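[1] generate coordinates for the sequence data below:
(one chain, ligands or ions: 1)
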Amino acid sequence: MKDARFKVSPLKLRVYLACPLRYRYQYIDRLPPRLRPHDTVGTAVHFVLQQFFRLPVEERTPECLLALFDQRWASLSPRYRRMPGAEELRQRARGQLEAFAAREDLRARPLLLEPYLEVALAPDVVLFGRPDRVDEEPDGSLHVIDYKTGEPPEEVDAAQLRLYAIMVQRGLGRPVSRTSFWYLEGGQVWTAAVTAEALAQAEAEAVALARELQSVDRFPGNIGPHCARCPFLYACQHREEIAQRRQAEGW
Ligand code: SF4
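    Model prediction:
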C-alpha cells in the first residue's frame, strides 16, 4: 500500500524557504539539475571522508586519505576534469583534506556514517535524511556532525542540524547533546548544545512547513545572489531579470 504521509528532508525545507520556485522545479516538476563543478567536488570530498572512516584504524593515514581523493577524482568523467577551473577545485579540495588530516583525529571511531534515518513527526509528516556523521561522546550521548566544503556563511542556519538531531535521537533512541558544522575550508567549527526547547521548536516549524507544502499552489521566485548558484537557473522563468540584476548588482 502506498505511504500517504508527506515526506520532508532538511534540504527540501531549506530549498522551499530559500525559493519556492526552485522547490517547484526540483521536487514537483523534477527538472534535471545543472550542478556546478563545486557541487561535484563537494560530493567527492564527502564520499572520501565516509570511505576513510570506514577503514580499519591502522590504515587511516593522511596519505591514504589523499589517495582516496585522487582515486575518486580519477573516476570523474574526463570531460568534467578538463572543465575550466576544475584543476583549481581539485587542488582546493585536496588542500582541505590535507588540513583535515593534520588537524583532526584520524583514529576517531564514528558511531555512524551517513545513516539513512526516517522518523514520523506527525501522523501525516515524515522527516528523512542522512547526517554526515554521528559520534559518541564520553558520557554516551551523541554528537551530530555535518561537513561543509564551502566557505562558512555570515549567519549559520542551525535548523538543518536540529532536524538531524531529531532524526538521530528518535531513530536511535539515544540523546543527542550537540550538533556541529565542520567547515573544511579554513577548519572552523560551529557547535551548539542541543536543548529540548530548540528541538521542539524545530519540529513544530518543520510540521507547519510540511503542511503548507501539501496545500500551497503558488511558488513565487525569490531573486537574489543565491540564484547564481541555483542548479535550475537554466530553466528559470526569471532568467532575464536575474541576468540584468547580476550585472547591475555584481553578484
Ligand atoms: S534561479 Fe533564483 S528565482 Fe529562479 S528558481 Fe533558482 S533560486 Fe529561484
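
[2] now do the buried residues in the host helix or strand of Thr40.
    Taking DSSP states H and E as the criterion, Thr40 maps to helix 37-54. By neighbour count on 16 or more other CB atoms under 10 Å, the buried set for helix 37-54 is 37, 41-42, 44-46, 48-53. C-betas here are computed from N, CA, C, even on glycine.

[3] now the element after that helix, going C-ward?
    Heading C-terminal from helix 37-54 (DSSP H and E), you reach helix 62-75.

[4] distance between that following helix and the chain's centre?
    Distance of helix 62-75 from the chain centroid (CA atoms, centre = their mean, to the nearest Å) equals 21 Å.

[5] same check on stretch 84-91?
    21 Å.

[6] what about stretch 147-161, how long is it end to end?
    Terminal residues of stretch 147-161 are spaced 11 Å apart (CA to CA, to the nearest Å).

[7] hmm, who's touching the helix or strand bottoming out on mean pLDDT in the chain?
    When the helices and strands of the chain are scored by mean pLDDT, DSSP states H and E, helix 78-81 comes last with a mean of 86. Helix 78-81 has contacts (CB atoms under 8 Å, 6 or more residues apart in numbering) with 37, 40, 73, 86, 90.

[8] which intervals of the chain have sub-threshold pLDDT?
    1-2 (pLDDT under 70).

[9] so which bits of it are right by the ligand?
    Applying CB under 6 Å from any ligand atom, we find that the chain lies next to the ligand at 19, 21-22, 25, 221-223, 226-227, 230, 232-233, 236, 238, 242.

[10] let me have the buried residues of helix 37-54 in CSV, adding distance to Leu113 as columns.
    Shown next, in CSV, are the buried residues of helix 37-54 (distance: CB to CB, whole Å):
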residue, distance to Leu113
Pro37, 25
Val41, 20
Gly42, 17
Ala44, 16
Val45, 14
His46, 10
Val48, 12
Leu49, 8
Gln50, 5
Gln51, 9
Phe52, 10
Phe53, 6
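
[11] which one of the residues you listed sits closest to Ala122?
    His46 (30.2 Å; CB to CB).

[12] can you give me the strands for the stretch 151-251 of the chain?
    176-183, 189-193 (DSSP state E, counting those that start in this stretch).

[13] can I get these in TSV including mean neighbour count and distance to Glu59?
    Formatted as TSV, the strands of the stretch 151-251 of the chain follow (neighbours: other CB atoms under 10 Å; distance: least, CB to CB, whole Å):
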stretch	mean neighbour count	distance to Glu59
strand 176-183	20	22
strand 189-193	13	26
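
[14] including distance to Glu212, could those go into TSV?
    Output for these, formatted as TSV (distance: least, CB to CB, whole Å):
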stretch	distance to Glu212
strand 176-183	25
strand 189-193	26
